[in-house]
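The following comprises the amino acid sequence and a computationally predicted model.
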Amino acid sequence: MRKLFLIWIILFVSLSVKSQDIDSLYQIIDSKKLKYNQKSDAFQSLINYYTYQNLDSAVLVAKQWLRQGELHKDTLVLASALKNMAEVELKLARYSSSLDHFNKALTFYTKLEDKNQSSDILKRMGYVYEEQHDAENAVKHYLKALDIKEKIGDKKGMASVYNGIGTLYHNQKNYKEALKYYNKGLKIVTELEMKVPESILKMNIGTIYCDIFLQNDSVNLLNVCHYDSFPQAQQQAILYFKGSLEIAKAHNLTNQLPKLYSNLGLLDTINALDYFLKSYQLLKQSGEIQGQWLNLYYIAGKYEDKADFKTALKYSREAFELAKELNHVEDKAKSHKQLAFIYYKLGDYEWAYENISYYIELNDSLSQVRNQADFAELEKKWNYEKKEKENELLKKGKELDDERIAKQRLYLWASGLGLMLFGFLIFFILRGYRQKQKANQLLSAQKAQIEEANEELNQQNEEIAAQRDQIQDQKEHIEDIHREVSESIDYAKRLQGSILPKPESLIQHLPDHFVLFMPKDKVSGDFYWWTVQNEKLIVTAADCTGHGVPGAFMSMLGVSFLKEIVTKEFITQPSIILNHLRQEIIKTLGQKGQAGEQKDGMDMSLVQVDYQTQQVQFAAANNPLYIISNRNYESITDGVKVHEETFDSLKLYELKSDKMPIAIYEKMDDFTNHTLNLAKGDRLFMFSDGFADQFGGPKGKKFMYKNFKSILLNTATLSMTEQKNRLKSAFEDWKGQGEQIDDVVIIGLQL
């Protein structure tokens, strides 16, 4: 039997956080004005949101919360973060990890003397063990939770635990124990007038009576229900289902209504068709296909009972189409069987034969699967009984062992003394033998050295003759390696080119722009990337550690992670994007911050252009942003002092970056987010250090950022294409016949 409403909290979880601005929650978390313990609500809201959207992101947020607790040694923050981490791990079916985090959270809540939270965690641990089919530990933890709830007088919590234990026994088909705990919970919620839990418990109790009636279970009829006839169990099931239905309709519990209508249809033969149709309509609205199939199957059966075979065929065909969509073998088999009988009643023997043939074929395959499942269940039961017997034998064996140990201790003392004396004797014998052996080894070594010297003289003569041939072979081998490496780098160039965005894709959003991209080798450690998300343009220029193939590898990692963060997690605030990118780089490269560790990472500047507000946001790791405008900096930036240079009526402002890379570093603060109030005609420039660091000119010196700024200012009145060409010409003239020392990327944007 499928699990029904195992945990009440499922009915109360709300996805209202969807409507909140995710960026605003991250702003609260990143705020330096708020204390770490004032950010718990924001962390909780983000985890709730990502739990239903992206579980990996939920894990990252929970880990960030956990680091806050560890950093400040705050027990309450640690407990809350660990509890949330455990819940996310449970969603991912990582049961061992979930139990580990629940145990750690329980330790902290115990220190805080928070009995309510402690009991809730014990209950959730019981559920984890239940999911692992470990009934013994599940009951053990449920009862521990119940004991705490009873001591603190939390009747509502007691009822919740009773329902959990009842569900555990219910799934094991131990109806007697299940009814016992369900009824205890029902008594409490009825007294407290808790209507929603009352509806759930009544439905669970009704399901037990329904199972006994439908399975024609005479053993449980007498032992559990104490009834003499099945109609009594049927009436009890209807009574509880109707009681649950009345509450569910009054409180709009839409998750329960389809199941209740469907169950009543199985029991109330007079109104069955009406119940099945109501259940089907509700499930059709919610899009739940499995439930739709089941109700259509029942509806077709009811029309078949009424000899309305045409209507029965209509609903049976609809059910069959859903069974195909689900690709569920058992559902398809049942639909084929039902269609076969309906076609037979309609006199269409060809279709009846075809459907019964399909049914037999599918049923044979199902029998094989069921036999395998039954064997696995028997093996599991046998292993459990074997373990129990082994435990009994171990217990008896321990009693005998305790008796033997006392006798053996005296024997061990005497044996130990004898072994010690024997050991001394062996030691002196071995020492004499080793001294003699060393003398023999010394004589053998001297003889071998003389023979080796003679052999070396002969070999040297042979080696001189062979060296010419070896040098020729090495030359040919090096040429082969060079050819293979060149082919591999050409392939890497094509691969890197395929992941970089095409320049024309930016034209429809910002027609006035340029990208100057000049790799030192065939592939580049510098890269550029842009995308549009929620009417916001995200643009970045980045400089990865190294150049050539190692740099290209880092650049491909950077582009992949940016796509994941922006287009899948819907994060658009530059500082938050850089924070997430740094986490992914550290995680992927396994960086620990240890001495001697490879310092791989990247520097980058990143801007967001909001089409609705015309505002620009900026954040950067080591690389600054240049702005060319004819306005004062106070009207452009968010109050941060900037470096300023002037040419004619134009001014170039340098907005400083955070002095830390996208990698592990001694300083790991959150990146700063700047808001810029730009106007039409203002120009933004993002770049790597390759242009300014290029050696050349008459004295072979670096080009320097001062000259780079001058070129940008002197050409700011030209079109973006002309400005790009001037920059490229200036670079080539300065480099001359010298070698390009690094990759170069420059992005120019005009609003």
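Okay, I see it.

Kindly check the end-to-end length of stretch 247-260 for me.
This stretch, stretch 247-260, spans 11 Å end to end (CA to CA, to the nearest Å).

List the contacts of the residue nearest to residue 362 when sequence neighbours are not counted.
The spatially closest residue to residue 362, leaving aside those adjacent along the chain, is residue 333, at 3.8 Å (CB to CB, 6 or more residues apart in numbering). Where you see a C-beta, it was placed from the backbone N, CA and C, and this is true even at glycine. Listed by CB atoms under 8 Å, 6 or more residues apart in numbering, the contact set of residue 333 reads 358, 359, 362, 363, 366.

Help me confirm that residue 333 is found in a helix?
Yes: assessed by DSSP: H, G, I helix; E, B strand; the rest coil, residue 333 belongs to a helix.

how near is it to residue 303?
20 Å (CB to CB, to the nearest Å).

Same question for residue 513.
As judged by CB to CB, residue 513 and residue 303 stand 66 Å apart.

can you give me the strands in the stretch 651-751 of the chain?
Applying DSSP state E, counting those that start in this stretch to the stretch 651-751 of the chain gives strands spanning 674-676, 683-687, 695-696, 701-702, 744-750.

just the chain next, same as before
513-518, 526-533, 536-544, 602-610, 616-621, 625-629, 643-647, 650-655, 674-676, 683-687, 695-696, 701-702, 744-750 (DSSP state E).

Of all those, which one is nearest residue 340?
strand 526-533 (52.9 Å; CB to CB).

who touches residue 296 in this structure?
By CB under 8 Å, 6+ apart, the contact set of residue 296 is 280, 315, 316, 318, 319, 322.

Give me the nearest residue to it, chain neighbours excluded.
residue 319 (3.7 Å).

same deal with residue 749?
residue 684 (4.6 Å).

what's the neighbour count on that neighbour?
25 (other CB atoms under 10 Å).

That one bridge partners, please.
Assessed by DSSP bridges, residue 684 has beta-bridge partners residue 627, residue 749.

Show me where the stretch 1-150 of the chain has its helices.
9-12, 22-30, 40-51, 55-72, 75-91, 95-111, 115-131, 135-152 (DSSP state H, counting those that start in this stretch).

Against residue 210, how distant is residue 195?
For residue 195, the distance to residue 210 - CB to CB - is 22 Å.

I'd say residue 88 and residue 56 touch.
No: applying CB atoms under 8 Å as the test, residue 88 and residue 56 come out as separate, 9.3 Å apart.

higher neighbour count, the two?
With neighbours defined as other CB under 10 Å, residue 88 and residue 56 compare such that residue 88 has more, 24 against 12.

dump the residue contacts of the more buried one.
Applying CB under 8 Å, 6+ apart to residue 88 gives the contacts 47, 51, 55, 58, 59, 62.

can you count the residues close to residue 529?
For residue 529, using other CB under 10 Å, the count is 21.

Can you spell out which residues form a bridge with it?
Going by DSSP bridges, residue 529 forms beta bridges with residue 540.

For residue 326, see how far away it is.
Residue 529 is 41 Å from residue 326, where distance means CB to CB.

and what of residue 675?
Residue 675 is 50 Å from residue 326, by CB to CB.

how about low-confidence regions in the stretch 201-350 of the chain?
For the stretch 201-350 of the chain, the stretches with pLDDT under 70 are 217-219, 221-222, 225-229.

show me where it has helices.
218-220, 230-250, 257-267, 272-286, 289-305, 309-326, 329-346, 349-499.

ok, residue 710 - contacts?
Applying CB under 8 Å, 6+ apart, the residues near residue 710 are residue 647.

Next, find the distance separating residue 111 from residue 672.
Distance check for residue 111 against residue 672: by CB to CB, it reads 37 Å.

These two: who's more crowded?
Shown here are residue 111 and residue 672; by other CB under 10 Å, residue 672 has more neighbours (18 against 12).

What sits closest to the more buried one if chain neighbours are left out?
Excluding its sequence neighbours, the residue lying closest to residue 672 (CB to CB, 6+ apart) is residue 658, at 5.5 Å.

For burial, what's the neighbour tally of that neighbour?
Neighbour number of residue 658 under other CB under 10 Å is 17.

Show me the beta-bridge partners of it.
Going by DSSP bridges, residue 658 forms beta bridges with residue 621.

contacting residues around it?
The contact partners of residue 658, by CB under 8 Å, 6+ apart, come to 619, 620, 621, 622, 669, 671, 672.

Reformat the residues you listed into a markdown table and put pLDDT next to each item.
Formatted as a markdown table, those follow (pLDDT from 0 to 100):
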| residue | pLDDT |
| --- | --- |
| 619 | 95 |
| 620 | 96 |
| 621 | 96 |
| 622 | 95 |
| 669 | 92 |
| 671 | 95 |
| 672 | 93 |
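
possible to save these as TSV with distance to residue 168?
Output for those, formatted as TSV (distance: CB to CB, whole Å):
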residue	distance to residue 168
619	51
620	55
621	52
622	56
669	48
671	48
672	52
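
Of these, just the buried ones, ChimeraX syntax please.
In ChimeraX, this line selects whichever of the contacts of residue 658 come out buried by 16 or more other CB atoms under 10 Å:
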select :619,620,621,622,671,672
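
out of the contacts of residue 658, who's nearest residue 232?
residue 671 (69.9 Å).

Just to check, that closest one is in contact with residue 573?
No: look at residue 671 against residue 573 with CB under 8 Å: they stay out of range, at 9.9 Å.

Now do the helices in the stretch 651-751 of the chain.
Using DSSP H, counting those that start in this stretch, the helices of the stretch 651-751 of the chain run over 705-714, 720-735.

Going by neighbour count, which residues in the longest one are buried?
When neighbours are counted by 16+ other CB under 10 Å, the buried residues of helix 720-735 are found to be 720, 723, 724, 727, 728, 730, 731, 734, 735.

How about the first one, nearest residue that isn't a chain neighbour?
In space, not counting the residues next to it along the chain, residue 720 is nearest to residue 514; the distance is 4.6 Å by CB to CB, 6+ apart.
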